[in-house]
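# heads up, no residue letters with this:
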């Protein structure tokens with residue numbers, strides 16, 4: 001495919017350059033805007049064309065358009081928009097001149113009916129038109145639809161689209177999985193500017209920090225074009241922030257809410273937006289938005305781990321799997337989310353300038369209490385952790401759009417930075433030894449474990465305490481320029497040639513610090529201060545010094561399935577940390593996980609968009625990306641407290657890096673078979689760079705546990721070959737799309753555990769490090785989406801608005817697996833190590849994804865009831881199939897109701913997770929859960945005002 005696409009691009013470029021001097025002499029151009037005749041709002045993705053020619057254009061996000069290659073003389077311009085009446089205007093074109101033409105379209109109404117513009121219909125029409133007008137395969141959430149949804153953050157809004165599933169924490173969406181590919185395989189942008197990763201190890205972005213109130217739309221591009229970054233195997237999620245519309249606009253939204261799990265009325269959310277254009281000619285525009293949210297994200301959680309005991313015997317249907325640990329977790333968490341954006345734009349003769357800045361931040365205050373039944377070690381532990389976690393995003397970008405003669409030039413420069421820091425985290429652990437009776441039934445699942453525990457609080461002592469901090473910073477400095485040259489070889493053949501350059505410089509740092517006590521250090525405090533603490537016979541400080549006897553936390557824990565207690569007083573544990581801070585020592589082995597990374601990507605591309613009449617568009621192109629990386633960390637051998645000391649020895653600074661060039665050919669074809677039906681085909685190549693920490697040249701050797709952990713700076717990037725085919729049926733009744741995709745991924749990387757067999761001091765040690773798979777991975781699936789309304793039916797059914805989508809995805813990949821075979825009959829009689837692979841599905845890939853939204857809008861009343869379904873998805877890979885972990889199926893229901901009080905004031909009620917479902921995970925034996933989280937339902941009541 002590479003040679004064919006590159007050849008087509010080269011030939012098209014040659015033809016365009018040869019004929020370029022002739023075009024300006026025989027054509028002109030038309031520019032302007034398209035808007036709604038009722039409210040004056042611009043219509044993005046409206047379609048315009050000149051009758052009898054291939055000349056045409058689609059309006060941008062601000063409703064603007066530019067039609068080039070218009071033949072001179074009298075011409076007829078046609079403007080159309082799904083849900084609106086088409087409009088034909090006769091114009092006169094002069095050679096080499098530009099005609100300004102602003103158009104207003106009227107929403108379609110049934111004969112005799114009054115035209116009523118409703119929010120749900122307008123949002124549906126905007127999304128449909130943008131998808132139809134796109135030259136690639138894209139799914140859209142319009143600004144109008146975002147305002148109608150009860151979603152708490154951007155991740156939840158993206159999850160409404162076909163082929164997208166959401167990873168959640170405490171009931172709130174955090175990251176998105178596009179077409180079965182984990183978040184690290186997708187790129188996230190704001191107005192096309194890449195957001196750096198927020199994760200401390202991989203390339204994923206946490207979208208929970210972004211409020212949907214700050215957005216003017218969401219686009220998910222599922223088939224790449226050469227003018228976009230090539231490292232988006234799953235897709236590119238673009239969050240849109242718009243320019244200022246005409247006239248002064250101001251809106252404010254405020255709401256208060258209730259959390260059912262904690263019976264808490266303390267939730268709050270507010271946002272505002274202010275925009276205007278200035279000057280007599282309104283060339284200067286400004287948009288300023290701000291938002292704040294305080295949400296209770298507390299939950300009850302169960303976590304369980306399992307181990308293989310023995311193979312199945314005759315008459316048994318499975319191997320025996322036993323519980324080796326059970327964790328009961330109570331999390332009390334408040335999340336404060338802040339955000340603001342400022343957009344300035346200036347219209348210039350023949351162009352425009354745009355400045356955009358975007359800030360978003362989430363601050364999490366979390367108190368976690370955990371009761372741990374550790375059967376493998378015969379211990380019960382009680383743990384309390386008090387911490388703060390902050391995640392920030394800051395972007396600033398300046399861009400320009402200019403037209404010189406017939407050449408369009410777009411340029412932009414940006415700085416984007418994300419940080420994740422944990423400024424404070426204090427953990428205290430208490431331990432009970434010989435904590436179980438001999439008859440504990442570990443093969444019956446986690447519910448049977450507490451019955452076998454002794455729960456001797458009087459023998460539970462203070463084991464250790466830690467202070468932890470984390471600081472991760474990821475920064476992108478980007479510069480880009482694009483050139484676009486329109487051409488028209490005849491009345492039936494036109495298009496444009498586009499080429500560009502881009503440079504991205506990434507710097508990333510991670511710093512982890514831990515200060516800790518040793519068990520002997522805490523015992524010494526008890527022995528050295530008689531009478532200050534209640535201690536046991538060995539002078540160990542007992543948990544009874546830190547119990548909160550007034551707490552009611554143990555009531556109704558996980559719907560009364562388990563008894564949670566005793567409850568540790570966080571203030572007393574934190575006070576211990578303050579008073580005895582001098583007893584904490586630096587845990588130097590955590591320095592092995594610090595690193596500095598650099599990544600420089602220089603890319604250039606060329607693509608041709610060729611229109612053959614009105615019905616056929618084909619777009620070949622190729623993108624070249626040259627990547628240079630550098631990483632710095634250390635090797636070392638930690639001496640842990642279990643070995644009688646602490647610190648690092650044999651410390652060596654290490655560096656690593658790679659350079660490589662990739663050519664990524666891409667080909668798109670769109671065929672309009674009728675005015676209401678089109679086919680879209682795409683064949684593209686893309687790549688995915690490895691996780692940062694996997695590339696870091698670090699190494700940790702533990703002689704005590706005979707293990708080696710290491711990074712792999714020679715890890716290869718993943719290449720992907722992607723095929724897409726979509727059918728679209730559309731009209732004033734809505735949109736129906738049917739499509740399928742197939743992806744082949746080469747050199748995907750996984751974490752492999754094996755045994756070191758080379759002679760040396762670490763011979764026989766267990767080695768854990770990332771490696772590339774020698775086999776290809778395949779992901780395939782299909783998507784169905786229907787957006788429609790029933791406004792042609794008699795009342796009351798004419799107020800119904802429907803949005804349904806369903807996706808089925810399957811994948812095949814191969815995980816590294818090592819087995820221990822029989823011992824060699826020859827000295828030194830070592831066992832045989834067998835490195836092999838095991839087939840499975842991609843992590844995070846759900847079998848089935850479905851979204852259903854049933855809306856009703858009549859007069860000033862609007863309601864929407866929605867369902868989100870995610871099927872079973874792989875969570876983790878065990879060393880046996882029975883120990884593979886899966887996310888359980890998930891069905892969530894939400895409700896949004898709104899009532900207009902006046903034209904400017906509306907009241908609304910939102911309810912999330914109204915069916916009060918929990919989230920869960922299990923191992924291959926579905927009756928054995930690995931995770932259950934119960935977080936309850938929430939509701940919000942608020943008012944929206946706009947001027």
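Structure's in. What do you need? In this text, all values refer to a predicted model and were calculated from it rather than measured experimentally.

# how near is residue 386 to residue 429?
13 Å (Cβ to Cβ, to the nearest Å). Where you see a C-beta, it was placed from the backbone N, CA and C, and this is true even at glycine.

# nope, residue 818 is what I was after
Remark: distance between residue 818 and residue 429 (Cβ to Cβ) = 32 Å.

# compare these two (neighbour count), which wins?
A count of neighbours by other Cβ atoms under 10 Å puts residue 429 above the other of residue 818 and residue 429, at 20 against 16.

# in this structure the more buried one contacts residue 385, no?
No: Residue 429 is not in contact with residue 385 according to Cβ atoms under 8 Å; the separation is 9.3 Å.

# in a strand, residue 678, correct?
Yes: counting by DSSP: H, G, I helix; E, B strand; the rest coil, residue 678 is located in a strand.

# just the local confidence number for it, please.
For residue 678, the model assigns a pLDDT of 93.

# can you tell me which residues contact it?
132, 670-672, 727-728 (Cβ atoms under 8 Å, 6 or more residues apart in numbering).

# and which of the residues you listed is nearest to residue 863?
Nearest to residue 863, judged by Cβ to Cβ, of the contacts of residue 678 is residue 132 at 27.3 Å.

# please spell out which residues along the host helix or strand of residue 721 are buried.
Assigned by DSSP states H and E, residue 721 falls within strand 718-731. For strand 718-731, burial by neighbour count (16 or more other Cβ atoms under 10 Å) applies to 718-726, 728, 730.

# measure stretch 186-195 end to end?
11 Å (Cα to Cα, to the nearest Å).

# cool, and stretch 233-247?
Across stretch 233-247, first to last residue, Cα to Cα, it's 41 Å.

# give me the mean pLDDT for that stretch.
86.

# and what of stretch 906-918?
Per-residue scores along stretch 906-918 average to 93.

# where in this protein is pLDDT low?
Scanning the chain for pLDDT under 70 picks out 1-26, 109-119, 442, 491, 519, 552-555, 639-648, 820-833.

# partners of the helix or strand following the strand holding residue 721, with directions?
Going down the chain from strand 718-731, the next helix or strand is strand 734-746, by DSSP H and E. Strand pairing for strand 734-746, determined by DSSP bridges: strand 718-731 (antiparallel), strand 777-789 (antiparallel).

# could you list every helix and strand in contact with the helix or strand just after strand 734-746?
Where DSSP H and E defines the elements, the next helix or strand beyond strand 734-746 is strand 749-755. If contacts are counted by 3 or more Cβ pairs under 8 Å, 6 or more residues apart in numbering; DSSP states H and E, strand 749-755 sits against strand 766-772, strand 800-823, strand 831-840.

# list the buried residues of stretch 762-780.
For stretch 762-780, burial by neighbour count (16+ other Cβ under 10 Å) applies to 762, 765-767, 769-773, 776-777, 779-780.

# now, which of those residues sits nearest residue 268?
residue 779 (41.3 Å).

# that closest one contacts residue 178, correct?
No: assessed by Cβ under 8 Å, residue 779 is found out of contact with residue 178, at 10.5 Å.

# what's the end-to-end length of stretch 533-540?
9 Å.

# before we move on, what about stretch 686-705?
Length of stretch 686-705, first residue to last, Cα to Cα: 41 Å.

# how does this structure divide into domains?
2-117, 138-240, 249-946 (automatic domain parsing).

# to residue 127, which of these lies closest?
domain 138-240 (4.4 Å).

# any idea how far residue 190 lies from residue 500?
In terms of Cβ to Cβ, residue 190 sits 19 Å off from residue 500.

# closest one to residue 507 among the helices and strands packed on strand 749-755?
Closest to residue 507 of the helices and strands packed on strand 749-755 is strand 766-772 (Cβ to Cβ; 22.0 Å).

# who's in contact with residue 677?
727-730.

# buried set for stretch 890-900?
Neighbour-count burial for stretch 890-900 [16+ other Cβ under 10 Å]: 890, 892-894, 896-898, 900.

# could you export those residues as TSV, including secondary structure and distance to residue 853?
What follows is the buried residues of stretch 890-900, written out as TSV (DSSP: H, G, I helix; E, B strand; the rest coil; distance: Cβ to Cβ, whole Å):
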residue	secondary structure	distance to residue 853
890	strand	17
892	strand	12
893	strand	11
894	strand	9
896	strand	9
897	strand	14
898	strand	14
900	strand	20
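
# farthest-separated two in those?
Maximum distance among the buried residues of stretch 890-900 (Cβ to Cβ): 33.7 Å, for 890 and 900.

# so what's the closest residue to residue 607 other than its chain neighbours up against?
The shortest distance from residue 607 to any non-neighbouring residue, by Cβ to Cβ, 6 or more residues apart in numbering, is to residue 621 (2.8 Å). With contacts defined as Cβ under 8 Å, 6+ apart, the neighbours of residue 621 are 5, 9, 225-227, 498, 605-608, 665-667.

# if we use 7 Å, what do you get?
Neighbouring residues of residue 621 by Cβ atoms under 7 Å, 6 or more residues apart in numbering: 9, 225-226, 605-608, 666.

# for residue 576, same thing?
Shown in contact with residue 576 (Cβ under 7 Å, 6+ apart): residue 465.

# that one belongs to a helix?
Yes: assessed by three-state DSSP, residue 576 belongs to a helix.

# and it, how far from residue 780?
Residue 576 sits 56 Å away from residue 780, going by Cβ to Cβ.

# so the closest residue to residue 459 other than its chain neighbours bridges to which residues?
Using Cβ to Cβ, 6+ apart and skipping residues adjacent in sequence, the residue nearest residue 459 is residue 432, 5.7 Å away. Here residue 432 sits in beta bridges with residue 380, as judged by DSSP bridges.

# dump the residue contacts of residue 432.
Counting by Cβ under 7 Å, 6+ apart, residue 432 has contacts 379-380, 456, 459-460.

# then residue 367?
Neighbouring residues of residue 367 by Cβ under 7 Å, 6+ apart: 332, 386, 570.

# what do you get for residue 551?
Neighbour list for residue 551: residue 567 [criterion: Cβ under 7 Å, 6+ apart].

# and it, that one's in a strand?
No: counting by three-state DSSP, residue 551 is not part of a strand but coil.

# please report how far it lies from residue 428.
Distance of residue 551 to residue 428, computed by Cβ to Cβ: 16 Å.

# and if you look at residue 581?
Distance, residue 581 to residue 428, using Cβ to Cβ: 13 Å.

# more neighbours: which of those two?
Using other Cβ under 10 Å, the more surrounded residue of residue 581 and residue 428 is residue 428, with 25 against 11.

# grab the nearest non-local neighbour of the more buried one.
Counting by Cβ to Cβ, 6+ apart, residue 428 lies nearest to residue 573, which is 4.2 Å off, once chain neighbours are set aside.

# how near is that neighbour to residue 679?
Separation of residue 573 from residue 679 (Cβ to Cβ): 64 Å.

# one more: residue 513?
As judged by Cβ to Cβ, residue 513 and residue 679 stand 57 Å apart.

# kindly report the same for residue 541.
Distance, residue 541 to residue 679, by Cβ to Cβ: 73 Å.

# repeat for residue 128
Counting by Cβ to Cβ, the gap from residue 128 to residue 679 is 17 Å.

# quick one: which of the contacts of residue 432 is most hemmed in?
Highest neighbour count within the contacts of residue 432: residue 380, with 27 neighbours (other Cβ under 10 Å).

# now do the contacts for that residue.
372-373, 432, 435, 453.

# and residue 895, by the same measure?
Neighbouring residues of residue 895 by Cβ under 7 Å, 6+ apart: 865, 910-911, 914.

# give the contact list for residue 425.
385, 387, 467-469.
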